[in-house]
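Asks: Any chance you can model this:
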Amino acid sequence: MVPADVVNETGVTVVDVREHLDHDEWEVASIRYSATWRSWRRW
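Replies: Numbers count the residues shown, from 1 in each chain. Sure thing, here's the model as predicted:
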């Protein structure tokens, strides 16, 4: 799990990912979550 306060290089947060899931935009959510997770893992 990625903490809710993590922001990736492009300003995407976990909250943004959840909004995409609420609208059944699974592909976009997956891409954004992956980018956010990679950004978080670098720290």
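
Asks: report the longest helix in the protein, please.
Replies: helix 26-41 (DSSP state H).

Asks: Which positions in it come out as buried?
Replies: By 16 or more other Cβ atoms under 10 Å, the buried positions in helix 26-41 come out as 29, 32, 33, 36, 37, 39, 40. Every residue, glycine included, has its C-beta placed from N, CA and C.

Asks: which secondary structure element contains the residue lying closest to residue 26 once chain neighbours are set aside?
Replies: Leaving out its chain neighbours, the residue that sits closest to residue 26 by Cβ to Cβ, 6 or more residues apart in numbering is residue 20, at 7.8 Å. Secondary structure assignment for residue 20, by DSSP states H and E: helix 14-22.

Asks: What of residue 2?
Replies: Residue-wise, residue 2 maps onto no helix or strand under DSSP H and E.

Asks: these two touch, right, it and residue 14?
Replies: Yes. Residue 2 is in contact with residue 14 according to Cβ atoms under 8 Å; the separation is 5.4 Å.

Asks: any residues in contact with both of those two?
Replies: Here residue 2 and residue 14 have 33, 36 as joint contacts, going by Cβ atoms under 8 Å, 6 or more residues apart in numbering.

Asks: quick one: pLDDT of residue 10?
Replies: Predicted confidence (pLDDT) at residue 10: the value is 80.
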